[in-house]
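K.L.:
Predicted model follows, preceded by the sequence.
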Amino acid sequence: MTEFVSRFIAIPDLLAASPILAIGLTLTAFFVGNWLFARIGKPLWMPPVLLSAVILSAVIAVLSIDYVRYQEGALWITVLLGPATVALGIPLYQQIHHIRALWLPIVVTLPLAATMAAVYAVVIAWTLGATPEVLASLAPKSVTAPIAIGITEQLGGSVALMMGGLLITGVVATLFVDLLAKWLPVEDERILGFALGLNGHAIGTARAFEISHTAGAFSSLGMGLTGVFTALILPLVFRL
């Protein structure tokens, strides 16, 4: 029993010494989150990424692991966000025929919607007296994580705060797009998918693929174009 307690207490030191534990905790939380998501009936308000985040946070808190130590150990996973950013070019290329066929609606709606997604959060935070760091962290909240991290660092915001906003935005956007689609009603899967990708990034895209392949394709398109547009425009706007 004493030996078990000693090993338990030594977990934070093991985390600092090797990245294996941090990576293992992250992957385990991810798979458990997906398993729980399927077991509880796949509710829209509790996607697997949110379940995984809650599980991982609880484990880190229970084991008294310093976040900086965990972040250093999980650096290898974070590094993969770079290739993931480049890989966003694949769905854009795959949907190039949709871009050509629907270029006018896309050109009209994307800049307005992507701008509003950043502006309303910044305006609300500014009205409540948020600091420039908080404003910079909330601005890219509707952009997929690989691109949003780069934007946040460039603007001088907090990546940790941005990731929290990113997670909440994805869950809320997915829930409200589904509710509004039934209320309006909107049955065109292309519109639903594009709205989910534009506002809910990867979480919305996962939901879109549950609707249909067409919705998923347009969600990938919306997510990719929103990321590109925001990455180009937002830093310029913040400098002004």
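P.N.:
It's in. Values in this document were obtained by computation on a predicted structure and should not be read as measured data.
K.L.:
Residue ranges of each domain in this structure, please.
P.N.:
Following automatic domain parsing, the chain resolves into domains at 2-79, 85-239.
K.L.:
Select from those domains the stretch with the lowest mean pLDDT.
P.N.:
Of all the domains of the chain, mean pLDDT reaches its minimum on domain 2-79 (a mean of 78).
K.L.:
so residue 198 makes contact with residue 118?
P.N.:
No - at 11.7 Å, residue 198 does not count as touching residue 118 under the criterion of CB atoms under 8 Å. Quick note: C-beta positions are derived from backbone N, CA and C, even for glycine.
K.L.:
ok, those two, which is more surrounded?
P.N.:
Of the pair residue 198 and residue 118, residue 198 is the one with more neighbours under other CB atoms under 10 Å, namely 28 against 22.
K.L.:
for that one, what are its contacts?
P.N.:
Shown in contact with residue 198 (CB atoms under 8 Å, 6 or more residues apart in numbering): 110, 113, 114, 117, 142, 204, 222, 223, 225, 226.
K.L.:
Could the C-alpha coordinates of the helix or strand containing residue 78 be exported in CSV?
P.N.:
Secondary structure from DSSP states H and E places residue 78 in helix 75-79. Taking Å, rounded to 0.1, in the frame of the first residue of the first chain, the C-alpha atoms of helix 75-79 are listed here in CSV:
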residue,chain,number,x,y,z
LEU,A,75,4.1,19.1,-26.8
TRP,A,76,4.5,16.3,-29.3
ILE,A,77,0.7,16.3,-29.8
THR,A,78,0.7,20.1,-30.2
VAL,A,79,3.4,19.9,-32.8
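K.L.:
Just name the most buried of the domains of the chain.
P.N.:
Highest mean neighbour count of these: domain 85-239, a mean of 18 (counted as mean count of other CB atoms under 10 Å).
K.L.:
what's in contact with the helix holding residue 78?
P.N.:
By CB under 8 Å, 6+ apart, helix 75-79 touches 19, 23, 26, 71.
K.L.:
Quick check on the third one: phi, psi?
P.N.:
According to degrees, to the nearest 10, the main-chain angles of residue 26 amount to phi -60, psi -50.
K.L.:
Test my guess that it contacts residue 57.
P.N.:
No - using CB under 8 Å, residue 26 is not in contact with residue 57; the gap is 11.4 Å.
K.L.:
neighbouring contacts of stretch 101-117?
P.N.:
99, 141-142, 190, 194, 198-199, 222, 225-226, 229-230, 233.
K.L.:
Extract the C-alpha set from it and format it as PDB.
P.N.:
Extracted in PDB, the C-alpha atoms of stretch 101-117 (Å, rounded to 0.1, in the frame of the first residue of the first chain):
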ATOM      1  CA  ALA A 101     -20.400  26.500 -58.800                       C
ATOM      2  CA  LEU A 102     -21.400  28.700 -55.800                       C
ATOM      3  CA  TRP A 103     -18.800  31.300 -55.800                       C
ATOM      4  CA  LEU A 104     -21.200  34.300 -55.600                       C
ATOM      5  CA  PRO A 105     -23.100  33.100 -52.400                       C
ATOM      6  CA  ILE A 106     -19.800  32.100 -50.800                       C
ATOM      7  CA  VAL A 107     -18.200  35.500 -51.700                       C
ATOM      8  CA  VAL A 108     -21.200  37.400 -50.300                       C
ATOM      9  CA  THR A 109     -21.800  35.300 -47.100                       C
ATOM     10  CA  LEU A 110     -18.300  34.200 -45.900                       C
ATOM     11  CA  PRO A 111     -16.700  37.600 -45.200                       C
ATOM     12  CA  LEU A 112     -19.800  38.900 -43.500                       C
ATOM     13  CA  ALA A 113     -20.300  35.800 -41.400                       C
ATOM     14  CA  ALA A 114     -16.700  35.300 -40.500                       C
ATOM     15  CA  THR A 115     -16.300  39.000 -39.500                       C
ATOM     16  CA  MET A 116     -19.400  38.900 -37.400                       C
ATOM     17  CA  ALA A 117     -18.200  35.700 -35.600                       C
END
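K.L.:
Sweet, I'm off.
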